[in-house]
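1. Sequence first, predicted coordinates after that:
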Amino acid sequence: MQNRRAAREAALKSIYAVEIGENSTQDASKHIIKFLLKDDTDGIRFAEKLLIVTINNTTDLDLIIDQHIDNWKVNRLAVIDKLLLRMAITELLNFEDIPTKVTINEAIELAKEYSTRKSGNFVNGILDAVLTSLKKENRIKKKGRGLIEA
């Protein structure tokens, strides 16, 4: 894989296209992911999985987010922040080979680049709380060298 950051950006743009533009996941994959990642087959595979799993689990992901935002509703969040939170939680729950710290750091960096000035801190705070809850519920399953935390 050439660059997971580029794959995450392509996935975010695709999720946005599906959420806001009401495009299909197939169209988003073809016109965004495959266009942006060209010959990076591993990156395309990663971004497509991130897109599809995120879109297919939107309701459950929003419930998780809702449990960690006080006095706020998911539908009132900045769109990019909401999509980044969904995408990062998907990665925490479904990508066993990616360390949780990497997932959170990547989400923070994407928030800084694509959302508001304060989004990096907001996304960090929510994802830290979500990760703590998911660990307590034994829902974080990581495999491989350096991924299993004590």
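-> Now that the structure is in, tell me what you want to look at.
2. CA only for contacts and neighbour counts going forward, please
-> Will do.
3. any idea how far the closest residue to Asp66 other than its chain neighbours is from Thr58?
-> For Asp66, the nearest residue in space outside its immediate sequence neighbours is Val74; the separation is 5.9 Å by C-alpha to C-alpha, 6 or more residues apart in numbering. Applying C-alpha to C-alpha, to the nearest Å, one obtains 11 Å for the distance of Val74 from Thr58.
4. Next: Lys118.
-> With distances defined as C-alpha to C-alpha, the gap from Lys118 to Thr58 amounts to 24 Å.
5. and if you look at Ala47?
-> 16 Å.
6. same deal with Ile15?
-> Applying C-alpha to C-alpha to Ile15 and Thr58 gives a distance of 11 Å.
7. Compare these two (neighbour count), which wins?
-> For the pair Ile15 and Thr58, the greater number of neighbours falls to Ile15 (30 against 15), based on other C-alpha atoms under 10 Å.
8. what is the rounded mean pLDDT of whatever helix or strand the more buried one lives in?
-> When elements are defined using DSSP states H and E, Ile15 is found to belong to helix 4-19. Mean pLDDT, helix 4-19: 97.
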